[in-house]
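> predicted structure and sequence below. I'll ask about it afterward.
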Amino acid sequence: MPRMTAARAAVEILKLEGVDVAFGVPGAAINPFYAALKASGGISHTLARHVEGASHMAEGYTRAAAGNIGVCVGTSGPAGTDMITGLYSAIADSVPILCVTGQAPVARLHKEDFQAVDIASIARPVTKAATTVLEAAQVPGVFQQAFHLMRSGRPGPVLIDLPIDVQLTKIDFDPEAYQPLPVYKPAANRTQIEKAVALLQASERPLIVAGGGVINADAADLLLEFAELTGVPVVPTLMGWGTVPDDHPLNAGLVGLQTSHRYGNETFLASDFVLGIGNRWANRHTGGLDVYTAGRTFVHVDVEPTQLGRIFAPDLGIASDAGAALELFVEVARELREAGTLKDRTAWAATAQERRARLQRRTHFDDVPIKPQRVYEEMNRAFGPETRYVTTIGLSQIAGAQLLHVYRPRHWINCGQAGPLGWTVPAALGVATADPGGQVVALSGDYDFQFMIEELAVGAQHRIPYVHVLVNNSYLGLIRQAQRTFDIDFQVKLEFENINAPELGVYGVDHVKVVEGLGCKAIRVTEPEGLLPAFEEAKKLAAEFRVPVVVEAILERVTDISMSGSDIDKVSEFEELATLPEHAPTAVRPLTP
């Protein structure tokens, strides 16, 4: 039997489970693991500038491609606590990542040793499992179980904490005798799907709500086939955006309080049946439940049984992986079509597209300073259907979701539930690492951008190119807009006069200098006509220098973005709406006044 350190066994298992990329920051308590990484080879490592950044890089890497599991590594104490935000973000959005931390020796865990913290207890509420391994012989089993848990049921993160003496202890381990544990996914049965389809057939104006579970199951093709068989329009959730291309005639638009379309909300309010697949009924999607559920029959399919009935009781709940359920949905729909008994939904689907062509928000403004809507219009011109967008939270993300276009699964990579500021830069680096030949475009407001701006140096060091669109109004825009309810504008202004860059006026931080100081490229745009040329130049610079390229758009200080604080029938429109085709020139459907 081969004999090796427990740390080396852990690295060998990572490779056997398909891991070939890791992100992290070394330290004394995790150095044995790093020594094993170097000795074993086969896993490339990206050195982050902050351990939280490494966890978000791992998230971005996982989210970019089916089957990926991002790995982040850190030392004991603060490295683990720094990862907690990444773990929370991952579990909230059902993203499997593995965090590996170093730890003080087992005998000192109760002696308040340097950087000895009970990270397993801290991480447990935001992971599927968090374990401090006390016996070296358990390391292979703990890692094997970690991958089984991450992939089974509702995906999610796991933390493994390795005391330094456990890492160094030699154990018997034969990589050739290792195999991953079978993955468990609940699967719907034929009777359940037949009942769901019967409810759909009994309706007049049905919709499908497609959530992130469809993307996690790599089942977008099945979803589209089922929609096309039945003719039922699809509402993607924010996490499910891309399951049906934006220009598909059955795409009904996004629904919700913030990241929604006028036409999407109107079509949903006209519906009488909703089939939710792989979605959570998140509150920013539903708004008030009285309005959302009134007059509608609901079927809910989710991989996690405890999600069924958590927000409201569906008429039928089915615990199933989205892919397994959709295989049966397609099978049953094909049989009904062959029998000639499927209802014709052509007229209903046409009403959704009629709303889409009529209920549009204006994007074309020539104002200086730039209005944010114009930024997204020019992004639609510059970046095609192959683009992967990466963003977290803020008015930039909300407006982006309202105005950008997404055509493929995993091409809108958004931290949906947790929404931590600073997520976008490291997540984009993780996405670009997973798809080195792809077009990755990040979107940030100025505060999100400043939170973890140091991670841009990672892109410079490791030659990870992508384009980062920075919309700068020197304000905490989303919080300022929320403070309107309290009639305050308090502690949300980032403005100051930079003594080193007086040309910026009150916009404060000279992002161009900071970005260039971190080894990347940057372009500042102050007029709307300069946006498209800047985006085109950014693509060229990224390809030439293989580093992140930031395009900073200097915006008007205050813009209120369309949203509601309560119900999906009460979304406030703060800007002039599109009434002519030239008001929304990059809309998927031409405006018909």
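It's in. Numbering: from 1, shown residues only.
> just the helices in the stretch 401-550 of the chain please.
Using DSSP state H, counting those that start in this stretch, the helices assigned to the stretch 401-550 of the chain run over residues 424-434, 446-451, 456-462, 477-482, 511-517, 531-545.
> least confident of these, on average?
Lowest mean pLDDT within these: helix 477-482, a mean of 83.
> which strands and helices sit next to it?
Packing contacts for helix 477-482, counted by 3 or more C-beta pairs under 8 Å, 6 or more residues apart in numbering; DSSP states H and E, involve helix 395-403. Heads up, the C-betas are built off the backbone N, CA and C, glycines and all.
> and the helix it packs on with helix 424-434, angle?
50 degrees (axes from the mean of the first three to the mean of the last three C-alpha atoms, to 10 degrees).
> give me the mean pLDDT for helix 395-403.
Helix 395-403 carries an average pLDDT of 95.
> now that helix: how far from the chain's centre is it?
Taking C-alpha atoms, centre = their mean, to the nearest Å, the mean C-alpha location of helix 395-403 is offset from the chain mean by 14 Å.
> report the central residue of this structure.
Asn414 (2.7 Å; C-alpha atoms, centre = their mean).
> surely that one touches Gly394?
No: look at Asn414 against Gly394 with C-beta atoms under 8 Å: they stay out of range, at 11.4 Å.
> for the chain, which helix or strand comes out least confident on mean pLDDT?
The helix or strand with the lowest mean pLDDT-type score in the chain, counting by mean pLDDT, DSSP states H and E, is helix 477-482 (a mean of 83).
> which parts of the stretch 201-350 of the chain are helices?
Under DSSP H, counting those that start in this stretch, the stretch 201-350 of the chain gives helices at 212-216, 220-230, 262-270, 283-286, 289-293, 322-339, 346-358.
> out of those, which comes closest to Leu134?
Leu134 lies closest to helix 212-216 among the helices of the stretch 201-350 of the chain, at 32.8 Å (C-beta to C-beta).
> so how far is the least confident helix or strand of the chain off the chain centroid?
Worked out by C-alpha atoms, centre = their mean, helix 477-482 lies 22 Å from the chain centre.
> picking up where we left off before, hey, which of the helices of the stretch 401-550 of the chain is tucked in deepest?
helix 424-434 (a mean of 30; mean count of other C-beta atoms under 10 Å).
> distance between that helix and the chain's centre?
11 Å.
> does anything pack onto it? Which helices or strands?
Helices and strands touching helix 424-434, by 3+ C-beta pairs under 8 Å, 6+ apart, are strand 21-24, helix 51-64, strand 388-391, strand 440-445, helix 446-451, helix 456-462, strand 467-472.
> that helix versus strand 440-445: what angle between them?
Going by the same axes, to 10 degrees, helix 424-434 is angled at 180 degrees with respect to strand 440-445.
> where exactly do the strands run in the stretch 51-200 of the chain?
Applying DSSP state E, counting those that start in this stretch to the stretch 51-200 of the chain gives strands spanning 70-74, 97-103, 129-132, 158-163, 170-172.
> Met1 contacts Ile171, correct?
No: Met1 is beyond contact range of Ile171, at 9.5 Å (criterion: C-beta under 8 Å).
> of those two, which one has the most company?
Remark: of Met1 and Ile171, Ile171 carries more neighbours, 19 against 7, as counted by other C-beta atoms under 10 Å.
> next one: Ala104 from Met83, what distance?
17 Å (C-beta to C-beta, to the nearest Å).
> ok, those two, which is more surrounded?
The neighbour comparison of Ala104 against Met83 (other C-beta under 10 Å) goes to Met83, with 32 against 22.
> apart from its chain neighbours, what residue comes closest to the more buried one?
Ser55 (4.5 Å; C-beta to C-beta, 6 or more residues apart in numbering).
> can you pull the pLDDT of that neighbour?
97.
> Gly287 bridge partners, please.
Asp567 (DSSP bridges).
> measure it to Arg280 for me?
Distance from Gly287 to Arg280, by C-beta to C-beta: 14 Å.
> thought His261 was touching Val571, still the case?
No: assessed by C-beta under 8 Å, Val571 is found out of contact with His261, at 9.8 Å.
> quick one, which of these two is more surrounded?
Taking other C-beta under 10 Å, Val571 and His261 do not tie; His261 has more neighbours (25 against 19).
> tell me the confidence at that one?
For His261, the pLDDT comes out at 96.
> surely it meets Trp241?
No: using C-beta under 8 Å, His261 makes no contact with Trp241, being 11.1 Å away.
> what is in contact with those two at once?
Listed as contacting both His261 and Trp241 by C-beta atoms under 8 Å, 6 or more residues apart in numbering are Leu254.
> so for Thr433, which of the strands of the stretch 51-200 of the chain sits nearest?
strand 70-74 (9.0 Å).
> packing partners of that closest one?
Counting by 3+ C-beta pairs under 8 Å, 6+ apart, strand 70-74 packs on strand 21-24, helix 51-64, strand 97-103.
> report the buried residues of stretch 248-259.
By neighbour count with 16 or more other C-beta atoms under 10 Å, stretch 248-259 contains the buried residues 248-259.
> before we move on, the earlier item: would you list the helices and strands packed on helix 424-434 in TSV and tack on distance to Lys539?
Converted to TSV, the helices and strands packed on helix 424-434 look like this (distance: least, C-beta to C-beta, whole Å):
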stretch	distance to Lys539
strand 21-24	24
helix 51-64	19
strand 388-391	14
strand 440-445	9
helix 446-451	19
helix 456-462	15
strand 467-472	6
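> so which of these is nearest Ala325?
Closest to Ala325 of the helices and strands packed on helix 424-434 is helix 51-64 (C-beta to C-beta; 21.9 Å).
> who touches Ala7 in this structure?
Shown in contact with Ala7 (C-beta under 8 Å, 6+ apart): 32-33, 35-36, 139, 162, 167-168.
> now do Ile84
Here Ile84 is in contact with 122-123, 126 (criterion: C-beta under 8 Å, 6+ apart).
> which of those residues has the most neighbours?
Neighbour counts for the contacts of Ile84, by other C-beta under 10 Å, peak at Ala123, which reaches 25 neighbours.
> pretty sure that one sits against Cys99.
Yes: assessed by C-beta under 8 Å, Ala123 is found in contact with Cys99 at 7.5 Å.
> common neighbours of the two, please.
80, 83, 87, 159.
> pick out the most distant pair among the residues you listed.
Gly80 and Leu87 (9.5 Å).
> to Ala313, which of the strands of the stretch 51-200 of the chain lies closest?
strand 129-132 (29.9 Å).
> and that closest one, how far from the chain's centre?
For strand 129-132, the distance to the chain centre is 25 Å (C-alpha atoms, centre = their mean).
> what are the pairing partners of it, and which direction each?
strand 158-163 (parallel).
> check the offset of the partner strand from the chain's centre.
25 Å.
> extract the C-alpha trace of that strand and format it as CSV.
Extracted C-alpha coordinates of strand 158-163, given in CSV (Å, rounded to 0.1, in the frame of the first residue of the first chain):
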residue,chain,number,x,y,z
VAL,A,158,-18.1,22.3,2.1
LEU,A,159,-15.2,23.4,4.4
ILE,A,160,-12.4,21.0,5.5
ASP,A,161,-10.1,22.2,8.3
LEU,A,162,-6.8,20.4,8.5
PRO,A,163,-4.6,20.7,11.6
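> rounded mean pLDDT for it, please.
98.
> direction-wise, compare that strand with strand 70-74 and give the angle.
Using the same axes, to 10 degrees: strand 158-163 against strand 70-74 is 30 degrees.
> just want the angle from strand 158-163 to strand 97-103.
Going by the same axes, to 10 degrees, strand 158-163 makes 20 degrees with strand 97-103.
> now do strand 158-163: everything it contacts.
Defining contact as C-beta under 8 Å, 6+ apart, one finds that strand 158-163 is touched by 6-7, 10, 29-30, 33, 80, 83, 87, 96, 98-106, 109, 119-120, 123, 127-134, 139, 142-143, 146, 149-150.
> which of the residues you listed are buried?
Using 16+ other C-beta under 10 Å as the burial test, the contacts of strand 158-163 include 6-7, 10, 29-30, 33, 80, 83, 87, 96, 98-104, 106, 109, 119-120, 123, 127-133, 139, 142-143, 146, 149-150 as buried.
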